[in-house]
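In: Pasted the sequence and its predicted model underneath.
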Amino acid sequence: MSEMLELYDQLEFQENPLYERIITDLVTKQYSIIDDFFNLEEVGKLRATLLQEYEEDNFKKAAIGNRVNEVIEKSVRGDFILWLNEADAGENEKIFFNKINPFISYLNKTCFLGILFKEFHYALYPTGTFYKRHLDTFQNDDRRKLSLVCYLNNEDWKPENGGELVIYKNEAGIDNPITIYPFPGRVVVFESQILEHEVKPVNTMRLSITGWLKTR
Ligand SMILES: O=C(O)CCC(=O)C(=O)O
Ligand SMILES: [Fe+2]
């Protein structure tokens, strides 16, 4: 018994009930929805940074295909994106990384997923845009293990705005769609290589940070 305690100590971690819930969700259903992962004040700051970058014209039309083989295809996706660079993250972006990084370390300590790389981009879906059903490994990057989306919409976001994320769970050969509204502060994590998903057409501007946790 005391030997076991010593080994536990070597893992140097404090059990975190929220992270444990996310891990259980991922193991049992391949996705997890976490409301209020970011509080409204944090969402407001991240949204302000996103909008400022957009106004300064730093976003580009999102493409499909990998980075050396990009194709812009409006019939597949209509969002605009900007990659985040952690090395020169501003005050507000630090809020994001300071919350996401401990979760990644926890995953690595407890699940042995071997996450070595991460990449995140802001995304802005203008009115009328969508992202057709796809798998995130579609970007020719089979190192993508977990997809993570954080919604930065306004506090009064309504279901009628559209822009739902729909995750398709294949159960015994039958598509079981799960509809997820992009409420501010909500984070969705899912298995990049398993779950197809889409973003339904949006009736107003839709804001988020999307990213991937990757193995080598
Ligand atoms: O914004 C979302 O809900 C999902 C975005 C997405 O599927 C992607 O960028 O690959
Ligand atoms: Fe996706």
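Out: Arrived safely. Because the structure is predicted, anything quoted here is derived from the model rather than measured. Ligands and ions are numbered 1, 2, ... in the order given.
In: Please count neighbours and contacts with C-alpha atoms only from this point.
Out: Noted.
In: which parts of this structure sit against ligand 1?
Out: Proximity of the chain to ligand 1, by CA under 6 Å from any ligand atom, involves residues 136, 149, 165, 198, 199, 210.
In: Could you pull up the residues touching the residue in the chain that ligand 1 sits nearest to?
Out: The chain approaches ligand 1 most closely through residue 165 (4.5 Å), counting by CA to the nearest ligand atom. The contact partners of residue 165, by CA atoms under 8 Å, 6 or more residues apart in numbering, come to 179, 180, 181, 182, 197, 198, 199, 200.
In: pLDDT value on residue 12, please?
Out: You'll see residue 12 listed with a pLDDT of 68.
In: any idea what residue 21 is structurally, helix, strand or coil?
Out: helix (DSSP: H, G, I helix; E, B strand; the rest coil).
In: Quickly note the distance from it to residue 183.
Out: Taking CA to CA, to the nearest Å as the measure, residue 21 and residue 183 are separated by 20 Å.
In: Neighbour count for these two, which is higher?
Out: residue 183 (22 against 14; other CA atoms under 10 Å).
In: can I assume the more buried one sits in a strand?
Out: No: counting by three-state DSSP, residue 183 is not part of a strand but coil.
In: which stretches of the protein aren't confidently modelled?
Out: Applying pLDDT under 70 to the chain flags residues 1-12, 65-72, 139-140.
In: just the helices in it please.
Out: According to DSSP state H, the chain carries its helices in the segments 2-11, 17-29, 40-55, 91-111.
In: Return the most buried member of these.
Out: With neighbours defined as mean count of other CA atoms under 10 Å, those peak in mean count at helix 40-55, which reaches a mean of 18.
In: Report the inter-axis angle for that helix versus helix 91-111.
Out: Relative orientation of helix 40-55 and helix 91-111, computed by axes from the mean of the first three to the mean of the last three CA atoms, to 10 degrees: 120 degrees.
In: Now do helix 40-55: which elements does it pack against?
Out: Counting contacts by 3 or more CA pairs under 8 Å, 6 or more residues apart in numbering; DSSP states H and E, helix 40-55 packs against helix 91-111.
In: Just the residues contacting the helix it packs on, thanks.
Out: With CA under 8 Å, 6+ apart as the test, helix 91-111 has contacts from 11, 13, 19, 23, 42, 45, 46, 49, 86, 113, 114, 115.
In: That one to helix 17-29, inter-axis angle?
Out: For helix 91-111 against helix 17-29, the angle by the same axes, to 10 degrees is 60 degrees.
In: Just the CA coordinates for helix 91-111, please, in CSV.
Out: Taking C-alpha atoms only, helix 91-111 is exported to CSV below (Å, rounded to 0.1, in the frame of the first residue of the first chain):
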residue,chain,number,x,y,z
GLU,A,91,-2.7,39.3,-22.3
ASN,A,92,-6.1,38.0,-23.4
GLU,A,93,-4.7,35.0,-25.3
LYS,A,94,-2.8,34.0,-22.2
ILE,A,95,-6.1,33.5,-20.5
PHE,A,96,-6.9,30.9,-23.1
PHE,A,97,-3.5,29.1,-22.9
ASN,A,98,-3.4,29.3,-19.1
LYS,A,99,-6.7,27.3,-19.0
ILE,A,100,-6.0,24.9,-21.8
ASN,A,101,-2.4,23.9,-21.0
PRO,A,102,-3.1,22.4,-17.5
PHE,A,103,-5.8,20.3,-19.1
ILE,A,104,-3.4,19.0,-21.7
SER,A,105,-0.8,18.2,-19.1
TYR,A,106,-3.4,16.4,-17.1
LEU,A,107,-4.4,14.3,-20.2
ASN,A,108,-0.8,13.4,-20.7
LYS,A,109,-0.2,12.4,-17.1
THR,A,110,-3.3,10.3,-16.8
CYS,A,111,-4.2,9.0,-20.2
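In: Fine by me, thanks again.
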